[in-house]
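K.L.:
Have a look at this prediction, sequence included:
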Amino acid sequence: MPVATQEDRRVRKTKKALREGLAELLMGKSIQHITVRELTEKADIHRSTFYANFKDIYDLYGQMEDVVIEEVSEILSAEYNLDAKVFFGVLLRYIADNKKVCRLILGENTSGTFFNRISNLFQTSCMACWRSEFHLAERPEEMRPYAQFFLSGSLGIVRAWVVNNFDRPIDELMNLLVEIDANFRTFLKHKFA
């Protein structure tokens, strides 16, 4: 096996241990109160290894946000948004497959930066989908408040699911979001027809 592959695997394993350690610590306290020493002890990683990969706790957290934003962007760009059931199914499975990280960045003990970033990402995608579906190329600003309202509720439901330890089955939550989406699209159809 090539040396570069082994190093890449070790780096990935180290970063994963640090992400999971940070996620666990954030379940009990805010990011401002977590030290590098505490995190490296939790992850069983030497402090110098941490500093070889990250400047500080916020750098680790920021990189985690970036990875999730990139992965969710890929889900949004896969054209699932025209079929709500498929889209919400893929999105909820992604969150369920990444529980620790999603608890970390959608939980109660973190800053709102990620939630704002993900909201903006969804808003852009949602408005593009609606402009296409309802032939509204000329009126994007008119749709913005509706997108904000719709996404605030939908993301709030998903966030509550994460904060409440994934207390509903994925299919139940998916069906709820699909129903809300269908009702909101009916409203928009009448509003912008």
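P.N.:
That came through, no problem. Residues are numbered from 1 along each chain as shown.
K.L.:
For residue 146, pull up the helix or strand it's in.
P.N.:
Following DSSP states H and E, one finds residue 146 within helix 140-163.
K.L.:
so the nearest residue to residue 91 once chain neighbours are set aside is in which element?
P.N.:
Nearest residue to residue 91, sequence neighbours excluded (Cβ to Cβ, 6 or more residues apart in numbering): residue 75, at 6.0 Å. Yep, even glycine has a C-beta here, placed from its N, CA and C like the rest. Per DSSP H and E: residue 75 is located in helix 57-76.
K.L.:
Tell me which other helices or strands whichever helix or strand residue 52 is part of touches.
P.N.:
Under the criterion of DSSP H and E, residue 52 resides in helix 47-53. Helix 47-53 is packed against helix 3-26, helix 36-43, with contacts defined by 3 or more Cβ pairs under 8 Å, 6 or more residues apart in numbering; DSSP states H and E.
K.L.:
tell me the angle of the shortest one relative to helix 57-76?
P.N.:
Okay, so that is helix 36-43. With axes from the mean of the first three to the mean of the last three Cα atoms, to 10 degrees applied, the angle from helix 36-43 to helix 57-76 works out at 60 degrees.
K.L.:
so who does the spatially most central residue of the chain touch?
P.N.:
The centre of the chain sits closest to residue 68, judged by Cα atoms, centre = their mean, with a distance of 5.5 Å. Counting by Cβ atoms under 8 Å, 6 or more residues apart in numbering, residue 68 makes contact with 98, 101-102, 105, 114, 118.
K.L.:
tell me which of the residues you listed is nearest to residue 150?
P.N.:
Nearest to residue 150 among the contacts of residue 68: residue 118, at 14.1 Å, using Cβ to Cβ.
K.L.:
my guess is the residue nearest to residue 91 meets residue 90, correct?
P.N.:
Yes: the pair residue 75 / residue 90 is scored as a contact, 5.6 Å apart, by Cβ atoms under 8 Å.
K.L.:
what about stretch 56-64, average pLDDT?
P.N.:
Stretch 56-64 shows a mean pLDDT of 90.
K.L.:
Identify whichever of the helices and strands packed on helix 47-53 lies nearest to residue 191.
P.N.:
Residue 191 lies closest, by Cβ to Cβ, to one member of the helices and strands packed on helix 47-53: helix 3-26, at 40.3 Å.
K.L.:
Tell me which other helices or strands that closest one touches.
P.N.:
Counting contacts by 3+ Cβ pairs under 8 Å, 6+ apart, helix 3-26 packs against helix 36-43, helix 47-53, helix 57-76, helix 99-106.
K.L.:
Report the buried residues of the third one.
P.N.:
In other words, helix 57-76. Residues of helix 57-76 classed as buried: 57, 60-61, 64-65, 68-69, 72, 76 (neighbour count, 16 or more other Cβ atoms under 10 Å).
K.L.:
Now render the contacts of residue 68 as CSV, adding neighbour count.
P.N.:
Formatted as CSV, the contacts of residue 68 follow (neighbours: other Cβ atoms under 10 Å):
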residue, neighbour count
98, 17
101, 20
102, 21
105, 23
114, 21
118, 21
